[in-house]
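**Q** got a predicted structure plus its sequence, pasted below:
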Amino acid sequence: MIILTKYLNIGGAAGPRLNNNQLYKFSYTTEVLVDKARGSKEGSAGYKISSDVDVNLVWRDPSSKDDQLIQLAVRRSNHSIKYINKKTVRIIHMIYLTTHTFAWIGSKACMPTLFNSKRWCISNVRIDPATHRSEKKNILHGSTAESVLGKTKMAALTKPFMVHLRNGKVRAKAFYSFWAEPATIKNIKRGLASLLQVQLRTGKVVENDVSGRCTVEYKAAQGQVTRTKNLETCKTAESGFTTHSQVLGVSKKSSSVTVFTLEDGFIRSAVAEETHSLAVNARRSAAAKVVSRQTLTLVGTEAGPLEAAGKDVTGVVKSIDAKFAAVGIMAEKVKSQCKGCPSLFEHWQSQQKQLEPASLSKATAPRSFLALIQSIRKASKDEILKVLKSASKTTLPQVVDAVTSSQTEASLDAMLEFLNFTDAKGLVLQERFLYACGFSSHPNERMLQDISKGKFGSTDIKESVVIIMGALIHKLCQKGGCDLPAVVQAKKLILAGPDSTEVESEVQMYLLALKNSMLPEAIPIFTKFAESEVGAYNTIALTALQRYNVNLMTNEVKQTVNRVYHQNRRIYEKNVRAAAADVILSSNPSYIEVKNLLLSIGNLPHEMNKYMLSKIQDIVRFQLPASKVIQKAMKDMNSANYNRFSKVGSSSAYSGFMAQSADVTSTYSLDILYSGSGILRRSNMNIYGASKGAMLHGLQVAIEAQGLESLIAATPDEGEEDLESFAGMSALLFDIQLRPVTFFKGYSDLMSKMFSMTGEPMNVVKGLILLTDHSEVITLQSGLKASAEFQGGLAIDISGGMEISLWYRESKTSVNNRGAFVVTGNVTVDMDFMRAGVEVSFETEASLDFITTVQFSEYPFLVCMQMDKATFPFSEHLTKYESLSSGKSIVSRKSKKQLVPGSEFPLHQENSNMCKKVFDSNW
């Protein structure tokens, strides 16, 4: 891309050397294209800027031939060569580059020399579409460069600039231009100046250029030098953010290669191509790319100006123009101004109907949610408060979701001022705010600090605050912020919490917070509470241990969990022992551990015998990690024989695939454990997503019931004789544990709920969640900037219920999941005067129901499990757009829609046989 060296291989030159009294004439083109990842150049949106350029040496350090100041200028007038009086000579356009060289580039203007009366005329500053367009689709048709840029920007573009090169490299501050110039114009000049860097020997170096400070590798061959920039190493002033979860996140691939062609020891051309491709991990076809190309070609040489006199670069620069300033070679931030864009309040007014509760199951809801977030991120605190105060009672919870998910200083300030945590009546809004904090993509220390301040008007909110504190601690630690003062303080609070109180609900609250935090320091606490005398503590502790990396499961932890399962020290509830078995089987179990589990089958309560047998068979069938050691242990006939593997019962464990693709694999598991009397003891539904080795626990809905045997005059199982009547639901959503919901607690509460039971499910979580959130500014080597914004929004409604009919001796539990999911990805190149971009998106609406019906009029009782997915729509969209600051624009859209058939997910054959009996008897 750069052609600045005449004698590349002579005299051991480190970089290009320009000759004194020589004018190098170049043609320069920079173009940018945006499109879907696999799009062709012909269909891309974008534009190119072309001009003719002159480069000449201004000054060289007498003691070092590789220390040069180079001048460049861009001109706009198209003149023929004329003679003018020396006294009227003025330098119209200059660009100085330092790396021990100085060059001058001009376009569409004439540059008079300093020491003779000739001036050379350079013309043809042009702005064109990047690809051939028909007149109808060409927004630049009939335009000139000046009409597109405007007089101010054109004048700035044609002003001179300089670069100081030393050994072919640009120092960070050695780019000279004028502070008053628009940032976009200075960045274009920086992109041109960055092309002047080249190393003549093979090797790796760290260079400063418009992209930042980057590691670069040079490969020199006969007649050619190739420069490959490692873009992942570039350090810039602009930092973005991204979703930490790999499954929900965005992947980026980048490359930058410049090829210098040499002829007779001189660079004849430099061609650079840089590509950035971004794709949604869950669906890699939803991908966009930006391609930047630069071409600098030597057209010819002529006699040029002589070197300027001076002792150092600073003095020479000031002698040419005192207004020149060292503005730095790295690109500066560009603030884009949206002309004619609606205010936040106007945007909200146009979107509020889409955020009514009745619309939350439609894709329009998350799409409006994402658009509102983008608008909120640009708004002030007062603008946000205006929307919060104007929202109706029905839409306000959705506005709270959007404002909190925006994660700006202004949005957090607005929410903290708007919500009153001392008001117990504000539970719904307060909890929506807290959950949105827990799901945040890039929380900061202040968010953690602010939610833990002050007093709370209800116990439920206090519990949610502490539980979500654990989630924020985990996310901040993932980003390397474990030592931040607020994080240290919050860690201290939740680590000490379980032992600081004897109130059962508070102990559970702290254990759930530790479960969310995933702190290694919490493992000893969970290990201790796994052997507690309170069943709720046991369950939380054991399910928390199951989330940790296997490498953290020490021998002490494993011994404790095995003691719980085998009841070596005390009697435990069945669901606690089942949770302990899950931990053992998911923590790289040894042969002895598996053998002991197999030997226990046959000596357990009836339903637990069946559950453990089903669990073992499911692991082997689904080829889970423990399957090999289980198969090895089953070769021992003492461990696996007919007596053990012929146990009957209704409890079960089953895993299956929900969806499989090249991008992501989604699996589900259903674990059902009953009491000996036929009443549900534990129902656990899990959905996982896996992508490229990463795992996401997308959903867990657990329903637990206990102490209900008295309703049907049945005998409780061992260790469960004195349990209080209770039923509740606990949900884990996208790796975040939420506050559990209680259906009833205590016999009197149970009886009142039974007589008032409507059959309607109880809501567990409802709202809008920002799942994917990726934002970055990509500085291209040309000096242009591409903005990449990928967001994914989910509208979700999870509810569950439990019905018991003593008359029909039947119970029914249900978990209902409704959702709409939208992902949009935008890549835009905005230069104030012209804008080009592409948007890729996909959306879907889905529902998933899990219903369990139990008839316990006789033993073995009949159990039917159903997991149904309704037919749902799926669509993909591609939009390309170009616009000028004048308002002229063009947009093209493409869509692809389909209906995905519904289905009932398969479970084991025994369940199918049971369902036939249940529905035949009902019929």
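**A** That came through, no problem. Numbering: from 1, shown residues only.
**Q** distance from the chain centre to the top helix by length along the chain, please.
**A** As assigned by DSSP state H, the longest helix anywhere in the chain is helix 459-478. Helix 459-478 sits 21 Å away from the centroid of its parent chain (Cα atoms, centre = their mean, to the nearest Å).
**Q** show me what that helix is packed up against.
**A** On a contact count with 3 or more Cβ pairs under 8 Å, 6 or more residues apart in numbering; DSSP states H and E, helix 459-478 meets helix 427-438, helix 445-451, helix 485-496, helix 504-517, strand 736-737. C-beta here means a position set from N, CA and C on the backbone, and glycine is covered the same way.
**Q** ok, Val648 - how many residues close by?
**A** For Val648, the count of nearby residues is 12 (other Cβ atoms under 10 Å).
**Q** tell me which element it falls in.
**A** Assigning secondary structure by DSSP states H and E places Val648 outside every helix and strand.
**Q** touching, it and Lys610? I think so.
**A** Yes. The pair Val648 / Lys610 is scored as a contact, 6.6 Å apart, by Cβ atoms under 8 Å.
**Q** identify whichever of the helices and strands packed on helix 459-478 lies nearest to Ile461.
**A** With respect to Ile461, and counting by Cβ to Cβ, the nearest of the helices and strands packed on helix 459-478 is helix 427-438 at 5.1 Å.
**Q** now for the closest one, which elements pack on it?
**A** helix 396-406, helix 445-451, helix 459-478, strand 762-779.
**Q** tell me which of the ones you listed sits most buried.
**A** Most buried of those, by mean neighbour count (mean count of other Cβ atoms under 10 Å): helix 396-406, with a mean of 25.
**Q** neighbouring contacts of that helix?
**A** 348, 355, 357, 360, 365, 369, 372-373, 376-377, 384, 387-388, 391, 411-412, 414-415, 428-429, 432-433, 436-437, 439-440, 766-770, 773 (Cβ atoms under 8 Å, 6 or more residues apart in numbering).
**Q** likewise for stretch 326-342?
**A** 163, 170-179, 183-184, 186-187, 190, 193-194, 208-213, 236-238, 350, 375, 777, 779, 783, 785, 787, 830, 832, 885, 887.
**Q** let's verify the residue lying closest to Arg283 once chain neighbours are set aside: helix, strand, or coil?
**A** For Arg283, ignoring the flanking residues on the chain, the nearest one in space by Cβ to Cβ, 6 or more residues apart in numbering is Asp663 at 5.7 Å. Look at Asp663: counting by DSSP: H, G, I helix; E, B strand; the rest coil, its state is coil.
**Q** for Asp663, give me its contacts.
**A** Asn281, Ala282, Arg283, Arg284, Ser691.
**Q** most neighbours among those residues, which one?
**A** Ranking the contacts of Asp663 using other Cβ under 10 Å puts Ala282 first, with 24 neighbours.
**Q** quick one: that one and Leu248 touch, right?
**A** Yes. With contacts counted by Cβ under 8 Å, Ala282 reaches Leu248, the gap being 6.6 Å.
**Q** sorry, back to before: among the contacts of stretch 326-342, the buried ones, what's the ChimeraX command?
**A** Per 16 or more other Cβ atoms under 10 Å, the buried members of those correspond to this ChimeraX selection:
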select :163,170,171,174,175,176,177,178,183,184,186,187,190,193,194,208,209,210,211,212,236,375,777,779,783,785,787,830,832,885
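**Q** show only the entries of the contacts of stretch 326-342 found in helices.
**A** Ala183, Thr184, Lys186, Asn187, Arg190, Ala193, Ser194, Ser350, Ser375.
**Q** okay, the first one and Asn555: tell me how far apart.
**A** Here the criterion is Cβ to Cβ, to the nearest Å. By it, Ala183 lies 60 Å from Asn555.
**Q** list the contacts for the residue nearest to the spatial centre of the chain?
**A** With distances taken as Cα atoms, centre = their mean, Thr243 lies nearest the centre of the chain, 2.7 Å away. Contacts of Thr243 were listed using Cβ under 8 Å, 6+ apart, and they are Gly249, Val250, Ser441, Leu771, Thr772, Asp773, His774.
**Q** what's the closest of those residues to Gln489?
**A** Closest to Gln489, out of all of the contacts of Thr243 and judged by Cβ to Cβ, is Ser441, at 23.1 Å.
**Q** so what's the closest one up against?
**A** Phe241, Thr242, Thr243, His244, Gln407, Leu770, Thr772, Asp773.
**Q** for stretch 296-303, what is the distance to the chain centroid?
**A** On Cα atoms, centre = their mean, the centre of stretch 296-303 falls 47 Å from that of its chain.
**Q** any buried residues in it, and which?
**A** Applying 16+ other Cβ under 10 Å to stretch 296-303 flags Leu296, Thr297, Leu298, Thr301 as buried.
**Q** closest to Gln567 out of those residues?
**A** The closest of those to Gln567 turns out to be Leu296 (Cβ to Cβ; 78.4 Å).
**Q** now do that closest one against Ser27, distance only.
**A** 8 Å.
**Q** overlap of the contact sets of these two?
**A** Val53.
**Q** could you check how far the residue nearest to Arg283 is from Glu789?
**A** Plainly put, Asp663 is 21 Å away from Glu789 if you go by Cβ to Cβ.
**Q** for the nearest residue to Val550 once chain neighbours are set aside, grab phi and psi.
**A** Closest residue in space to Val550, ignoring its immediate chain neighbours: Asn588 at 4.8 Å, by Cβ to Cβ, 6+ apart. In terms of degrees, to the nearest 10, the main-chain angles of Asn588 are phi 50, psi 60.
**Q** still on that earlier bit, got the contacts of Asp663 as a markdown table, with distance to Asp67 and pLDDT columns?
**A** Shown next, in a markdown table, are the contacts of Asp663 (distance: Cβ to Cβ, whole Å; pLDDT from 0 to 100):
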| residue | distance to Asp67 | pLDDT |
| --- | --- | --- |
| Asn281 | 48 | 92 |
| Ala282 | 53 | 90 |
| Arg283 | 53 | 91 |
| Arg284 | 48 | 91 |
| Ser691 | 52 | 88 |
